[in-house]
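**Q** Provided below are the primary sequence and the corresponding predicted coordinates.
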2 protein chains.
Amino acid sequence: MYRSHHCGELRITDTNKEVILAGWVQKSRDKGFMIWVDLRDRYGITQLIFDEVRTDDTIMQQARSLGREFVIQIKGTVIERESKNTNIPTGEIEVLVNELTVLNQSQVPPFTMEDETDGGEDLRMKYRYLDIRRNPVKNSLLFRHKVTQEVRNYLSNLDFCEVETPYLIKSTPEGARDFVVPSRMNPGQFYALPQSPQTFKQLLMVGGLDKYFQIVKCFRDEDLRADRQPEFTQIDCEMSFIEQEDILHIFEGLTRHLLKTTHGVDIAQFPRMTYDEAMRRYGNDKPDIRFGMEFGELNVVAQHKEFTVFNNAELVVGIAVPDAASYTRKQIDALIDWVKRPQVGALGMVYCKCELDGTFKSSVDKFYDQADLAKWAEITDAKAGDLILVLSGPANKTRAQLSALRMELANRLGLRKPGEFAPLWVTDFPLLEWDEETGRHHAMHHPFTSPKKEDMHLLDTDPGKVRANAYDLVLNGNEIGGGSIRIHDAETQALMFKHLGFTREQAQEQFGFLMSAFQYGAPPHGGLAFGLDRLVAILGGQETIRDFIAFPKNNAGRDVMIDAPAVLDNAQLDELNLKIRSAL
Amino acid sequence: MYRSHHCGELRITDTNKEVILAGWVQKSRDKGFMIWVDLRDRYGITQLIFDEVRTDDTIMQQARSLGREFVIQIKGTVIERESKNTNIPTGEIEVLVNELTVLNQSQVPPFTMEDETDGGEDLRMKYRYLDIRRNPVKNSLLFRHKVTQEVRNYLSNLDFCEVETPYLIKSTPEGARDFVVPSRMNPGQFYALPQSPQTFKQLLMVGGLDKYFQIVKCFRDEDLRADRQPEFTQIDCEMSFIEQEDILHIFEGLTRHLLKTTHGVDIAQFPRMTYDEAMRRYGNDKPDIRFGMEFGELNVVAQHKEFTVFNNAELVVGIAVPDAASYTRKQIDALIDWVKRPQVGALGMVYCKCELDGTFKSSVDKFYDQADLAKWAEITDAKAGDLILVLSGPANKTRAQLSALRMELANRLGLRKPGEFAPLWVTDFPLLEWDEETGRHHAMHHPFTSPKKEDMHLLDTDPGKVRANAYDLVLNGNEIGGGSIRIHDAETQALMFKHLGFTREQAQEQFGFLMSAFQYGAPPHGGLAFGLDRLVAILGGQETIRDFIAFPKNNAGRDVMIDAPAVLDNAQLDELNLKIRSAL
């Protein structure tokens, strides 16, 4: 037996107990006649004490030779501390050591095992196994486990059945790029790793499983952006004999349960908003509604004067920044520069200060009088002391620009409070979106999403206007889940493929098994998938997912700890019937 | 709302309720004036009734047109059945239908959706989504879910933390073949899919996570044998600051819990046996101990006569087949033929009938008298009426042959009762095994297994004799789990790699990150992994794993439903910098 207790366990009530502990040397203080060692394990820190009077000489010597991160086992007696530490649960006691065994030594670690470490990102990733010893990472992993356990128990109690779908499947050129896996037994052929278990979960519904979920790794070979991982985890769900309302109800319940169990937060009913409304009010299909600054559309009160910039714009739209009328010219110029950055792309920005005395002062006073500006204030809901910022141009672009500005300002003003949770359902997404590059419509979610019955007649005439039975769950400005009611009859599915530009042969080739399954009594069904990495990060009050993944990859898709990917032996390539193409 | 109740829910107490049900038409019986339809969903079957008197004409017509596996929704009234069916929970009621909607039609399915289907294996796999509608498959998937939930809750309650380890890792030529994944972003380089999370779980221990588990897919590119899958699922576990005894204790507890919750079976303490003992008593390191027929070693009582076959053999060993003395000459010849099949490989077999009158009659009466044969009976524990079967030859081969015979006879005699569970720990496995092909020792488990301290001195002199701190959990003659205490210091690990024939460079190249991790305070640790597919199958009383996997692959590694693997577009290959080698 290596230990009788762990390092977070002993209390004042354990005084005089003989105990065995094991763990890592967090730090030691040597006062000559006394040595204190902080012994750490996953569960906490317990202070060990060695002193000239009560401790054997050889053990004193041993204690002096302990380095940081040495692994030791001790036997000793729990005693009351003279100076108590009320910051940690074990702070009232210490253990007087009478036996010490070094289980393993350690080199000096490349960074400190503290909450605020001196190790940079690269070093921490290379030595991730040491990084995990730090509380912020360790607690994130424990938190992730707690969340997945809650999810599994919640859904299981509702009769959802977790089913493992296969990882070695078939590549489909539609959508993002697949990772592929050469088959040695079928030379020249490849499996693909799933981007999601979408078709399999639909087949499980055809199979009558009724309520399915799975917490499952998915793979997407994309050019990585910050905070994207080539492998990521979904909570994937599907149900039969349901309508959209049933799904929203169940997964609102799940999310409410998670907020309650992780933060004690009670949220009665999640607000809902259509996609159109979200775009109009926030310029964004995943608005953060923890704060205001809603969009005010100013066309009717800003296009009646000589200001051609506005007059020529499809949309004139503004937000009221709270208590920002006092911004200096320099501060405002900096904001204008910010929206003109290529990442945002505005050509300019108009402002209007709502002074505390009730007057207005704008950058376009030449064109607009006080009565005009009062209307702007009314529409953007600006109060005395606020600053109205106005962008104009093509509707979609301008909305996206103003949305970016709104989020930036909210960050700067501290309006995105980590402890606050504002979930929101966004519904009625468009079925299709126009792709400039290929000159055709693409499925906004995926080709299995059901169009709204009442919009079906628009498929031929005005496909961009067709709404889908599709919905996203948004939390604090992040899409944490999304799903749809699926098409469940072969006829509608064939129609969809046609409108997405698939030939019958292509549809058959890629999704023949699904089309075929639909011939044998597919039930009405639909579902939803949560992005687990992000969900956990947001519930954990963080914006970045990396600390919630045990062994993440860097932005080049590399695991720098194990140094993967790597070249293969030629023998391995030969067995797989593959050759590396030499560079052109 | 598609339904007010599911199809397994209504009881006599629901009589007169207005209900809405949805599901599949299992079958219908048309008596002209009356039609009964069995409506099926995941939860059960409810009988619908339509009759000339009470049912609208158009609905009668509709009901007549329903085919098997049509998906329908009905409204109706729960009424008491005239002739009750006590075999199903809903058998006391039926639903008198007053509204019928066909939600989806179905072609005639390629096989019947019955427990005993007329569909062969190939057809069932091609239409797996229909196969899943059948109770045996559906219930297997639900059972698997129940088992995994129990595992997760049991381990979580013991402070185990489930951590997702990466799927895109690095290929290691040691051991079985890896599936590999070409990296587009790192041309010419490959990831590998994990054969197990072995090194990652050890790194989590170095990271101080203390108690880890994961239910995780693993991948092995082997030439498939029956009932092997290229992707399979493990319950993977690891603990720190533990000894072998702690691990056996915890996972015996888990297995006991599973036997209790799935079958109500209580098993107090699992028996244990060393590898050597298992080989001696059963010729097998995973003996089925639900029945006897233990090996009796006959060398001392069979090598003193003129029978050179025995006299020249390293081992003479027999078993007593209960109540088989009455076997005819033909039956015994058939058994002799069976052991002489190339799959078993014996050169011949000696038998001895223990007659009911206390005399013996053997095929070698020429050499052995009654007193000799009485000793055989004593050593093999044969009673009057039993048949002793004796093989001889090189020890290991002969044991394997007799073990195969023992299992075959147990199957024939019905001694392997599905409802009976006999777990067993097998301990003290050899550390190394000799590989004829490469002419060197291989790690029997894997290169991270810790040798027993007291055997370390044999590493140089007699490596085959070194025992490992390795153990298997055996259930009903199947290895369902196995693990070991790991090496946790760089020095011993380096020694192991040396004995396994790795150069320092190879060890560094392949396991450098682990060796490096061991420099920074690795704790003593060890673990175990269960094969989930097999565990679930055995707990489910089955010998084959296929029905417990939603979408299994066939013996050529193909998914015949989705037709994977498949060829890739040339564009995809180009992006990956790959070429297919033309056949030689």
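**A** Received it, and whenever you're ready, just let me know what you need.
**Q** and the residue of the stretch 401-550 of chain A nearest chain B?
**A** A:G521 (3.5 Å; CB to the nearest CB). Quick note: C-beta positions are derived from backbone N, CA and C, even for glycine.
**Q** hang on, that residue packs against B:F70?
**A** Yes. With contact defined as CB atoms under 8 Å, A:G521 and B:F70 form a contacting pair (6.0 Å).
**Q** so between the two, which is more surrounded?
**A** Neighbour comparison, A:G521 and B:F70: the larger count goes to A:G521, with 27 against 19 (by other CB atoms under 10 Å in any protein chain shown).
**Q** need the longest helix for chain A.
**A** helix A:135-157 (DSSP state H).
**Q** hmm, who's touching that helix?
**A** A:42, A:115, A:131-132, A:162, A:211, A:213, A:215, A:235, A:237, A:253-254, A:257-258, A:261-262, A:532, A:535-536, A:539-540, A:542, A:547-548, A:550, B:145, B:149, B:152-153, B:156, B:161-163, B:207-209 (CB atoms under 8 Å, 6 or more residues apart in numbering or on different chains).
**Q** stretch A:313-323 too?
**A** Contacts of stretch A:313-323 (CB under 8 Å, 6+ apart): A:283, A:292-299, A:302-303, A:310, A:350, A:352, A:354, A:376-377, A:379-383, A:385-395, A:398-399, A:402, A:405-406, A:409, A:413.
**Q** let's see it at 6 Å
**A** A:293, A:295-299, A:302, A:310, A:380-382, A:385-390, A:392-395, A:398, A:402, A:406, A:409 (CB atoms under 6 Å, 6 or more residues apart in numbering or on different chains).
**Q** next step: those restricted to strands.
**A** Under the assignment DSSP state E, these contribute A:G296, A:E297, A:L387, A:I388, A:L389, A:V390, A:S392, A:G393 to strands.
**Q** farthest pair in those?
**A** A:L387 and A:G393 (20.3 Å; CB to CB).
**Q** returning to what we had before: and the longest helix of chain A, what's buried?
**A** Of all the residues in helix A:135-157, those buried under the rule 16 or more other CB atoms under 10 Å in any protein chain shown are A:137-138, A:140-156.
**Q** buried residues in the strand or helix carrying A:V25, which are they?
**A** Secondary structure assigned from DSSP states H and E places A:V25 in strand A:18-30. Across strand A:18-30, burial judged by 16+ other CB under 10 Å covers A:V19, A:I20, A:L21, A:A22, A:G23, A:W24, A:V25, A:Q26, A:S28.
**Q** beta partners for the first one?
**A** Same thing as A:V19. Beta bridges link A:V19 to A:G76, judged by DSSP bridges.
**Q** tell me which residues touch it, please.
**A** A:S4, A:H5, A:V78.
**Q** now do the nearest residue to A:G119 once chain neighbours are set aside, the pLDDT please.
**A** Nearest residue to A:G119, sequence neighbours excluded (CB to CB, 6 or more residues apart in numbering or on different chains): A:F111, at 2.6 Å. Looking at A:F111, its pLDDT stands at 95.
**Q** next: A:A226.
**A** pLDDT, A:A226: 69.
**Q** list the buried residues for stretch A:454-468?
**A** In stretch A:454-468, counting by 16+ other CB under 10 Å, buried: A:D455, A:L458, A:L459, A:P463, A:V466, A:R467, A:A468.
**Q** tell me how far the fourth one lies from A:L96.
**A** Just to be clear, that refers to A:P463. Distance from A:P463 to A:L96, counting by CB to CB, to the nearest Å: 78 Å.
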